[in-house]
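> Just to be clear, the model below is a prediction. Sequence and coordinates:
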Amino acid sequence: MSAEKARVLLKQAEADLEIGCFEKAASSAYFAARMACEVWARRRGVRDLPRRDDKLANLVRNLGRASEAESLLALYELRKKADYSPFFIEEGEAKLALEVAREVMKLLQVM
C-alpha cells in the first residue's frame, strides 16, 4: 500500500464519476480512503493492519481519528451497495463518496 496508490484510486474514482460509472466511482473512493487509513496507520508504527473493514476503522478510531473512522465505515457501506446490492448508486451518492474520500485523505495528510 502506498499514498501514491491511494491518490491514483481517487483519480480513477473521479474519472468514473465523470463518465457516469457511479458504482465504480463509489468503490474506488472507498479503496482510496481505506488505503489512506492504512498508510496513515503504518506511519504511526502499526505493523499488522487488520483485513476487516470494521477492525481497520476501530484501529483508526483508537489512534484518535474518530471522524475518519466513521467516514471509512460510511464509504464501506456505499461500496457494499455498489458491489453487491441490486440497487444502483445514484450520482449524488457517488459525488458524496468522492468528497468524503478526499476529506479523509486530506485530514490524514495522504493527499
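Done, it's in.
> any idea how far the residue nearest to residue 109 when sequence neighbours are not counted lies from residue 105?
With sequence-adjacent residues excluded and distances taken as Cβ to Cβ, 6 or more residues apart in numbering, residue 109 is closest to residue 40, at 7.5 Å. To be clear about C-beta, it is placed using only N, CA and C from the backbone, and glycine gets the same treatment. Remark: distance between residue 40 and residue 105 (Cβ to Cβ, to the nearest Å) = 9 Å.
> what about the residue with the largest distance to the centre of the chain, which SS state?
Here the centre of the chain is the reference, and by Cα atoms, centre = their mean the most remote residue is residue 86, at 21.5 Å. Following DSSP: H, G, I helix; E, B strand; the rest coil, we place residue 86 in the coil state.
> Can you give me the buried ones in the longest helix along the chain?
Ranked by residue count and defined by DSSP state H, the top helix of the chain is helix 22-43. Neighbour-count burial for helix 22-43, counted by 16 or more other Cβ atoms under 10 Å, picks out 22-41.
> What of stretch 8-22?
For stretch 8-22, a neighbour-count test (16+ other Cβ under 10 Å) marks 9, 10, 12, 13, 14, 16, 17, 21, 22 as buried.
> Output it as PDB, nothing but the C-alphas.
C-alpha atoms of stretch 8-22 as PDB (Å, rounded to 0.1, in the frame of the first residue of the first chain):
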ATOM      1  CA  VAL A   8      -4.400   7.000  -8.200                       C
ATOM      2  CA  LEU A   9      -7.500   5.300  -6.900                       C
ATOM      3  CA  LEU A  10      -9.100   8.700  -6.100                       C
ATOM      4  CA  LYS A  11      -8.300  10.000  -9.600                       C
ATOM      5  CA  GLN A  12      -9.900   6.800 -11.100                       C
ATOM      6  CA  ALA A  13     -13.000   7.400  -9.000                       C
ATOM      7  CA  GLU A  14     -13.200  11.000 -10.300                       C
ATOM      8  CA  ALA A  15     -12.800   9.700 -13.900                       C
ATOM      9  CA  ASP A  16     -15.500   7.100 -13.300                       C
ATOM     10  CA  LEU A  17     -17.900   9.700 -11.900                       C
ATOM     11  CA  GLU A  18     -17.400  11.900 -15.000                       C
ATOM     12  CA  ILE A  19     -18.400   9.100 -17.400                       C
ATOM     13  CA  GLY A  20     -21.400   8.000 -15.200                       C
ATOM     14  CA  CYS A  21     -19.900   4.900 -13.700                       C
ATOM     15  CA  PHE A  22     -21.200   5.600 -10.300                       C
END
